[in-house]
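> build me a model from this:
(2 chains)
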Protein chains: 2
Amino acid sequence: MTTPIEFWFDFSSPYSYLAMDKVEEVAQGAGREVVWRPFLLGAVFKETGNRPLTQQPIKGDYARHDCPRVARYLDMPWTWPDPFPIATMAAARAYYWIEREDPDTARKFARLAFNTYFGKGIDITPAEVVVNIAAGCNVDPAALEPALSDPAVKQALKDRTAEAVERGVCGAPFFFVDGEPFWGSDRLWMVKKWLRTGGW
Amino acid sequence: MTTPIEFWFDFSSPYSYLAMDKVEEVAQGAGREVVWRPFLLGAVFKETGNRPLTQQPIKGDYARHDCPRVARYLDMPWTWPDPFPIATMAAARAYYWIEREDPDTARKFARLAFNTYFGKGIDITPAEVVVNIAAGCNVDPAALEPALSDPAVKQALKDRTAEAVERGVCGAPFFFVDGEPFWGSDRLWMVKKWLRTGGW
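Numbers count the residues shown, from 1 in each chain, chains lettered A, B, ... in the order given. Alright, predicted model coming up:
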């Protein structure tokens, strides 16, 4: 039995969006599953003192140039969403609520949410947008809508975010392979090598 | 005629050290030269609001784990230097002073300075340490020593650092290929692809 690759991300992280296909490809090549783990990157930024990419002088300009370039390379749809960044509580809560019943549908929802935000540039902050996206994955809107403000569902996301900080997730995307940490979409080459060799 | 790949770095940047062999390898594979461009990363941090890696909570821990891991992968010597980070004015001034006469010797000096700091963990802040390293590359200590406090030599480094900020160098290492910017040692795969394809 192999352990799955953990894929920690925020729905508002462009490089997480850009990594979502590649991590599945890398995992598949190694016969592994991917466990998707949305969290609130803002909580990590509070600890690290970082700010969202586009709010950083110079680095923001680079990111604005780089993200579409990576998207073209990967042949993924790309639109700089406005507003950016956004609060992704609704999407992340929805993810964990769906995942309890059906991880496959949760992943499908996550991909669709990412595509809506970074592919089409549509704001996924509002609960109703998230509920609509989930409806596209056959998730019952009448069940999901109240769940998004359910204290237990809120707590589940808080716990995951606390877990991220606790385990040293210093940015997004962040991956764990058998406990070994890898930060950044550009590290998937190393994840791949680590999976093949068992580490060095 | 092809233009050289520009390799912008700070002598106190671990990921720049870890990129120095690979960028030469990538350039060679594409029939290009590498122009080494030390600058003062602190000036960029002032603009971006960033701090040295190890001073950032969580991210610092990750870097402390990651740098030796990358070094092992690349089979490069690695010692976390103490103090870290350091002021690299002396090393960078020496580089440009040597480069005016002899770029090959300047590159040789730069590699040796990097190896002294990150390979052996020896502080290269003091001018006398830098002069000794240069002496190992057949640079006359009696000529270099006074040059390190020469106003024109100081200005040359200030100008390069201003150029880095001006051109959007948001961190180190940073590369330009025919004007196209690439940030981070993990982007050399993309530099390689860009060189081969001419961009996308």
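> now chain A against chain B: closest residue?
A:Asp186 (3.6 Å; C-beta to the nearest C-beta). Glycine gets a C-beta too; all of them are placed from N, C-alpha and C.
> ok, that residue - contacts?
Contacts for A:Asp186 were tallied using C-beta atoms under 8 Å, 6 or more residues apart in numbering or on different chains; they are B:Gly184, B:Asp186, B:Arg187, B:Trp189.
> do A:Tyr73 as well
B:Met190, B:Lys193, B:Trp200.
> can you tell me the closest non-neighbouring residue to the second one?
In other words, B:Lys193. Distances taken as C-beta to C-beta, 6 or more residues apart in numbering or on different chains put A:Tyr73 closest to B:Lys193, at 7.6 Å, once the chain neighbours are dropped.
> which positions in the helix or strand hosting the one you found come out as buried?
With elements delineated by DSSP states H and E, A:Tyr73 resides in helix A:59-74, which encompasses its position. Using 16 or more other C-beta atoms under 10 Å in any protein chain shown as the burial criterion, the residues of helix A:59-74 that qualify are A:Lys59, A:Gly60, A:Tyr62, A:Ala63, A:Asp66, A:Cys67, A:Arg69, A:Val70, A:Ala71.
> what's in contact with the least confident helix or strand in chain A by mean pLDDT?
With mean pLDDT, DSSP states H and E as the measure, the helix or strand of chain A carrying the lowest mean pLDDT is helix A:41-48 (a mean of 90). Applying C-beta under 8 Å, 6+ apart, the contact partners of helix A:41-48 are A:10, A:12-13, A:50-52, A:85, A:87, A:161-162, A:164-165, A:169-172, B:56-59.
> coming back round to it: filter the contacts of A:Asp186 down to the ones in helices?
Counting by DSSP state H, the members of the contacts of A:Asp186 that fall within helices are B:Trp189.
> need the contacts of A:Asp186 in a markdown table (columns: pLDDT).
Output for those, formatted as a markdown table (pLDDT from 0 to 100):
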| residue | pLDDT |
| --- | --- |
| B:Gly184 | 97 |
| B:Asp186 | 95 |
| B:Arg187 | 96 |
| B:Trp189 | 95 |
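> could you dump the contacts of A:Asp186 to CSV with distance to B:Gly119?
CSV is the format used below for these (distance: C-beta to C-beta, whole Å):
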residue, distance to B:Gly119
B:Gly184, 21
B:Asp186, 21
B:Arg187, 23
B:Trp189, 24
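> list buried residues within the contacts of A:Asp186.
Neighbour-count burial within the contacts of A:Asp186 applies to B:Gly184, B:Asp186, B:Arg187; the criterion is 16+ other C-beta under 10 Å.
> check contacts around the last one.
Taking C-beta under 8 Å, 6+ apart as the definition of contact, the neighbours of B:Arg187 are A:Asp186, B:Phe175.
> and the next element down the chain from the helix holding A:Tyr73?
Proceeding N to C from helix A:59-74, the next assigned helix or strand is helix A:89-101, under DSSP H and E.
> quick check: next helix or strand after that following helix?
Past helix A:89-101, further along toward the C-terminus, the next helix or strand under DSSP H and E is helix A:103-114.
> who are the packing partners of that following helix?
helix A:14-29, strand A:34-38, helix A:89-101, helix A:127-135 (3 or more C-beta pairs under 8 Å, 6 or more residues apart in numbering or on different chains; DSSP states H and E).
> neighbours around the closest residue in space to A:Ala94 that isn't next to it in sequence, how many?
Nearest residue to A:Ala94 in three dimensions, chain neighbours excluded: A:Val130, at 5.0 Å (C-beta to C-beta, 6+ apart). Per other C-beta atoms under 10 Å in any protein chain shown, the neighbour tally for A:Val130 reads 28.
> re the thing from before, what is the nearest of the buried ones among the contacts of A:Asp186 to chain A?
Among these, and counting by C-beta to the nearest C-beta, the member closest to chain A is B:Asp186, at 3.6 Å.
> how many residues are close by A:Ala92?
Other residues within reach of A:Ala92 by the criterion other C-beta under 10 Å amount to 26.
> report the contact partners of it.
Residues near A:Ala92 by C-beta under 8 Å, 6+ apart: A:Asp10, A:Phe11, A:Pro38, A:Phe39, A:Leu40, A:Leu157, A:Arg160.
> get me the contact residues on chain A for chain B.
Within reach of chain B by C-beta under 8 Å from any C-beta of the partner chain, chain A has these residues: A:44, A:47-51, A:56-59, A:61-62, A:65-66, A:69, A:72-73, A:165, A:168-171, A:181, A:183-184, A:186-187, A:189-190, A:193, A:200.
> on that earlier part again, of all the helices and strands packed on helix A:103-114, which lies closest to A:Asn115?
With respect to A:Asn115, and counting by C-beta to C-beta, the nearest of the helices and strands packed on helix A:103-114 is helix A:14-29 at 8.1 Å.
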